[in-house]
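A.B. asks: Fold the stuff below for me.
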Amino acid sequence: MGRRSIIFRAHAVRRMFERRIGVEEVRHILRQGEVIESYPDDAPFPSRLILGWKDNRPVHVVAADNDEENETVIITAYEPEASLWSRDFRRRKRR
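C.D. replies: Got it, this is the predicted structure:
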């Protein structure tokens, strides 16, 4: 199987620009990050939430896998809000 393509949705690109998250940072998080949530029933493709770090800054990337086309689709990327996540940014806080 060949190398997987990475597709950035327009929404992801806009949000990444607004949040100062670069393409290489997202690629690094895809390679080195930790999957903290999985959404196997998402449509049109199963997706996952990945935690990575840029310096001391946590970054979450939501990515979906289109296995038929051998591509990963970047849905969005953001810095998680500390008030909504555990101290390590791996678990959502209960309300």
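A.B. asks: most centrally placed residue in this protein?
C.D. replies: Geometric centre of the chain, nearest residue: Val61, 1.4 Å, by CA atoms, centre = their mean.
A.B. asks: Please identify the helix or strand for that one.
C.D. replies: strand 57-66 (DSSP states H and E).
A.B. asks: quick one: the helices in this protein?
C.D. replies: Ranges of helices in the chain, per DSSP state H, are 10-18, 23-32.
A.B. asks: Ranking those helices by mean neighbour count, which comes first?
C.D. replies: Ranked by mean neighbour count, the helices of the chain are led by helix 23-32 with a mean of 15 (mean count of other CB atoms under 10 Å). No exception for glycine: its C-beta is placed from N, CA and C like everyone else's.
A.B. asks: Quick check: mean pLDDT of that helix?
C.D. replies: On average, the pLDDT along helix 23-32 is 96.
A.B. asks: Report the backbone C-alpha coordinates of it in PDB.
C.D. replies: The C-alpha trace of helix 23-32 is given here as PDB (Å, rounded to 0.1, in the frame of the first residue of the first chain):
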ATOM      1  CA  VAL A  23       0.200  22.400   8.000                       C
ATOM      2  CA  GLU A  24       3.500  20.800   9.100                       C
ATOM      3  CA  GLU A  25       2.300  20.900  12.700                       C
ATOM      4  CA  VAL A  26      -0.800  19.000  11.700                       C
ATOM      5  CA  ARG A  27       1.300  16.500   9.800                       C
ATOM      6  CA  HIS A  28       3.500  16.000  12.800                       C
ATOM      7  CA  ILE A  29       0.500  15.500  15.100                       C
ATOM      8  CA  LEU A  30      -0.900  12.800  12.700                       C
ATOM      9  CA  ARG A  31       2.400  11.000  12.800                       C
ATOM     10  CA  GLN A  32       3.300  11.400  16.500                       C
END
